[in-house]
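Participant: Task: produce atomic coordinates for the following.
(chains A and B)
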Amino acid sequence: MNLDLDSDALAFRDEVREWLAANVPGERLPSVDTPEGDAAHRAWERSLSDARLAVVSWPERYGGRAVPPLHALLFEEEYHAAGGPARIGQNGLFLLAPTLFGHGTAEQCDRVLPPMARAEQVWAQAWSEPGAGSDLAAIRSRARRTEGGWVLSGQKTWSSRAVVADRAFGLFRSDPDAERHRGLTYLMFDLRAAGVTVRPIRQLDGDPGFAEIFLDDVYVPDADVIGAPGDGWRVAMSTAGHERGLTLRSPGRFVAAARRLVDLWREQGDPADTGLRDRVVDAWIGAQAYRMHAFAGLDLPARDASLTKLFWSELDVALHETALDVLGPRAEVDPVWPDGYLFALAGPIYAGTNEIQRGIVATRVLGLPR
Amino acid sequence: MRLAPSPEQTAFAAALHDLLAAADVPAAAERWADGEHGPGRRIWSLLAEVGVTGLAVPVRFGGLGADPADLVVAAEELGHHALPGPVAESLAAVPTLLASYPLRGHVGDRVGEAEKWLPELAAGRALATLAAPPWLPYAVDADAADLVLLAEGETAGPGRTGVRAYPSFDRSRRLFEVSAVCALTACPATGHALDLGALICAAQLLGAGRALLEATVTHARTREQFGGPIGRFQAVQQSLADVAVGLEFARPLLHAAAVTLTARDVSAAKVACTAAAHRAARAALQVHGAIGYAEEQGLARFVTKVRALALSWGTPAQHRARVMSELTREYAHGTE
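Facilitator: This next block holds a predicted model:
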């Protein structure tokens, strides 16, 4: 066992570190879900892309560098340590792109990935429905066959980024007579197409971070079906693994937050309060555990993403709750930590609630009966 | 970079598992608890045959001078079987202390004690134990040990065992007070030896936690109530999933600490492995119900060992305090 970085990895890390130090905006960009924030975040993605740092693990033809997974982890560590802005394209970058790499055609990859990498096209996800949340396979939105394509109708909800996004991807029921996990088709569609209505939903944190999408006979060409019609559940589950796992919530994010928490404790904590100090230490240990788990995972068979999702989502809540407790009554007006806290509260819910994840761990990893 | 165990390390752990599974550790532990160390010592001899007792002993003293990662991999398997005896003491800390003693003829030398004991320990002919306040106020199993050391600050030397044995709530552990036989020798490796011991203790905890989870999953799949296996109930499933997550994320910290051997990382690993094993013990006992609380079922041996090891080699509070003081020092100097 060793934790040594070879000269390639060190050179890459140094390049990323230097570029970020010179280019990360000194002030926080406006919220990504506002018009100004939308423009500012897209501009940031273009500059990342110009430096070929937007999608380092992707093949070069799509704007990446085809670096190994270790480099991708190092990029994330540097990005979060430098305080890089939120990634406006994250739904596309971390959820749709892995699905396209696994199931998309060459034509789809060529058409979709380059503008995604430059945030010229921002993607929203359209999974959940009013009657299909934890029970995702209960999806009722329809895809009806028509000449050369499909006609979508129904309602999607809790759709992240839909307010500012250009396009969306999700599951639709294409064969209502099939058993519920079958007869689903994975489709991409244009949020500006005729028949699409997007209605923002104000979240617990006050931002319109997600939205309802109403689809009223929206035409989608065959070219925008990913995988085979009727095979959408299997295709989607490969994306679900990415959403629950490393790609969406990289260790670097928690390592950076834990470091800020330790700094906060050193500056403002009461040394006599060993109970609170221990919580700060536990948050740091948790972030370090997630980091080392990712490093170890580079040389192990893929672990179930549900284990990872449970760990980071609970860690995120604990870490931010601890920060608020260190701040005490000043936390209410703190400019940084409450935002992170309210966002963290969503973690145990989205991408499959933690109860669903524990059920998956129990049955699939531990082999307990269903 | 490679933090995952190598194929050789994985095979070594599997071989140890097979060896211990065939050696009837539960019966040896029961005899050990009654003060009869023969069967347990025979298992230690088997471990010597496959090299476990020589891992931390330098080559020049007849050992293997192995990587601490190998020791951690082995210790996790010993914990997986709740092997009785002074594991972290005899396998890791004492050999490290002895190997750093001043050489014969140098100031403070212990007249060849290292030359005498290290080959014996490596060969599995001797067992050693240690007291090192405040982490180890007592020496465990001194009645079974051939060599008892005392470490204080940066000094160490032979210890005299008190006559009274204090029985632990882990029935396979007996604790003894230790006083110095003569002036202790300057031993700059004391800190390193104690860190290695804490690391090995953490590895045992992780292995014990894994055994508890395995036993509980088996029980939940086979024990039937309300017309089916209890493992189909969500309350049981959710609790065991949390146990699995805890163990899954403690192991990489243990391996990282075996690489760096820094105070910060050893303490983080001890805290995380303790918490994961403790959660496993509580869930195991709860899911087994009264069956698990009965001593003959075998679960008690693991549950009590986890609690004893959690407090041994530094308590969670001591290790958390150490992590914070190390972080404070690092961040103040802007290093990492």
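Participant: Might one say that A:A323 is in contact with A:L264?
Facilitator: Yes: assessed by Cβ atoms under 8 Å, A:A323 is found in contact with A:L264 at 6.0 Å. Quick note: C-beta positions are derived from backbone N, CA and C, even for glycine.
Participant: Looking at these two, which is more packed in?
Facilitator: Using other Cβ atoms under 10 Å in any protein chain shown as the criterion, A:A323 and A:L264 rank with A:A323 on top: 26 against 18.
Participant: Surely that one is in a helix?
Facilitator: Yes: counting by DSSP: H, G, I helix; E, B strand; the rest coil, A:A323 falls inside a helix.
Participant: ok so, going back, any residues in contact with both of A:A323 and A:L264?
Facilitator: Common neighbours of A:A323 and A:L264 (criterion: Cβ atoms under 8 Å, 6 or more residues apart in numbering or on different chains): A:W337.
Participant: For the closest residue in space to A:E355 that isn't next to it in sequence, give me its contacts.
Facilitator: Closest residue to A:E355 in three dimensions, ignoring its sequence neighbours and counting by Cβ to Cβ, 6 or more residues apart in numbering or on different chains: B:Q238, at 6.7 Å. B:Q238 sits next to A:E355, A:R358, A:G359, A:A362 when contact means Cβ under 8 Å, 6+ apart.
Participant: Please apply the same query to B:G191.
Facilitator: Taking Cβ under 8 Å, 6+ apart, one finds B:E154, B:A263 in contact with B:G191.
Participant: Name the helix or strand for it, please.
Facilitator: For B:G191, the host element (DSSP states H and E) is helix B:190-222.
Participant: just checking, what packs against the next helix or strand after that helix?
Facilitator: Downstream of helix B:190-222, the next assigned helix or strand under DSSP H and E is strand B:224-225. If you count contacts as 3 or more Cβ pairs under 8 Å, 6 or more residues apart in numbering or on different chains; DSSP states H and E, strand B:224-225 packs onto no helix or strand.
Participant: List the strands paired with strand B:224-225, with their directions.
Facilitator: strand B:228-229 (antiparallel) (DSSP bridges).
Participant: any idea how far the strand it pairs with is from the chain center?
Facilitator: Offset of strand B:228-229 from its chain centre (Cα atoms, centre = their mean, to the nearest Å): 36 Å.
Participant: now do stretch A:344-363
Facilitator: Distance of stretch A:344-363 from its chain centroid, counting by Cα atoms, centre = their mean, is 15 Å.
Participant: Please state the mean pLDDT value computed over it.
Facilitator: Summarised as a single mean, pLDDT over stretch A:344-363 is 95.
Participant: residue ranges with poor pLDDT in the stretch 1-150 of chain B?
Facilitator: Counting by pLDDT under 70, the low-confidence segments of the stretch 1-150 of chain B come to B:103-111.
Participant: Quick check: residues of it near chain A?
Facilitator: Contact residues, the stretch 1-150 of chain B versus chain A (Cβ under 8 Å from any Cβ of the partner chain): B:M1, B:R2, B:L3, B:A4, B:P5, B:S6, B:Q9, B:D67, B:A69.
Participant: Just the buried subset of those residues, written out for ChimeraX, thanks.
Facilitator: To isolate the buried members of the residues of the stretch 1-150 of chain B next to chain A in ChimeraX, using 16 or more other Cβ atoms under 10 Å in any protein chain shown:
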select /B:1,3,4,5,9,67,69
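Participant: Pick out whichever of the residues of the stretch 1-150 of chain B next to chain A sits closest to A:Q288.
Facilitator: Using Cβ to Cβ, B:L3 is the member of those that lies nearest A:Q288, at 12.2 Å.
Participant: got a list of what A:A283 touches?
Facilitator: A:A283 makes contact with A:A258, A:L261, A:L315, A:A318, A:L319, A:T322, according to Cβ under 8 Å, 6+ apart.
Participant: How about A:L70?
Facilitator: If you count contacts by Cβ under 8 Å, 6+ apart, A:L70 has them with A:L5, A:A9, A:F295, A:L298, B:M1.
Participant: Can you flag the buried ones in the residues you listed?
Facilitator: Listed as buried from the contacts of A:L70 are A:A9, A:F295, B:M1; burial here means 16+ other Cβ under 10 Å.
Participant: Let me have these in CSV, adding distance to B:E295 and secondary structure as columns.
Facilitator: Listed next are these as CSV, based on distance: Cβ to Cβ, whole Å; DSSP: H, G, I helix; E, B strand; the rest coil:
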residue, distance to B:E295, secondary structure
A:A9, 52, helix
A:F295, 41, helix
B:M1, 45, coil
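Participant: List just the nearest of those to B:T222.
Facilitator: Nearest to B:T222 among the buried ones among the contacts of A:L70: A:F295, at 37.0 Å, using Cβ to Cβ.
Participant: just checking, A:V16 touches A:E78?
Facilitator: Yes: if you go by Cβ under 8 Å, A:V16 and A:E78 touch, sitting 4.5 Å apart.
Participant: ok, longest strand in chain B?
Facilitator: Assignment by DSSP state E gives strand B:155-167 as the longest strand of chain B.
Participant: and it, what does it pack onto?
Facilitator: Here strand B:155-167 touches strand B:147-152, strand B:174-180, strand B:185-186, helix B:190-222, going by 3+ Cβ pairs under 8 Å, 6+ apart.
Participant: ok, 7 Å please
Facilitator: The helices and strands touching strand B:155-167, judged by 3 or more Cβ pairs under 7 Å, 6 or more residues apart in numbering or on different chains; DSSP states H and E, are strand B:147-152, strand B:174-180, strand B:185-186.
Participant: can you put those strands in a markdown table and add distance to A:D222?
Facilitator: Putting those into a markdown table (distance: least, Cβ to Cβ, whole Å) gives the following:
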| stretch | distance to A:D222 |
| --- | --- |
| strand B:147-152 | 74 |
| strand B:174-180 | 75 |
| strand B:185-186 | 80 |
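Participant: Single out the most deeply packed of those strands.
Facilitator: Ranked by mean neighbour count, the helices and strands packed on strand B:155-167 are led by strand B:147-152 with a mean of 23 (mean count of other Cβ atoms under 10 Å in any protein chain shown).
Participant: got the angle for that strand vs strand B:155-167?
Facilitator: Computed with axes from the mean of the first three to the mean of the last three Cα atoms, to 10 degrees, the direction of strand B:147-152 lies at 110 degrees from that of strand B:155-167.
Participant: Take the residues of the stretch 1-150 of chain B next to chain A and keep only those in helices.
Facilitator: Members of the residues of the stretch 1-150 of chain B next to chain A lying in helices (criterion: DSSP state H): B:Q9, B:A69.
Participant: Buried ones among the contacts of B:Q238?
Facilitator: Among those, those classed as buried by 16+ other Cβ under 10 Å are A:R358, A:G359, A:A362.
Participant: wait, what's in contact with the last one?
Facilitator: So that's A:A362. Applying Cβ atoms under 7 Å, 6 or more residues apart in numbering or on different chains to A:A362 gives the contacts A:L368, B:Q237, B:L240, B:A241.
Participant: tally of neighbours for the residue nearest to B:D70 when sequence neighbours are not counted?
Facilitator: Once flanking residues are discounted, B:D70 sits nearest to B:L55: 5.6 Å by Cβ to Cβ, 6+ apart. Number of residues near B:L55 (other Cβ under 10 Å) recorded here: 24.
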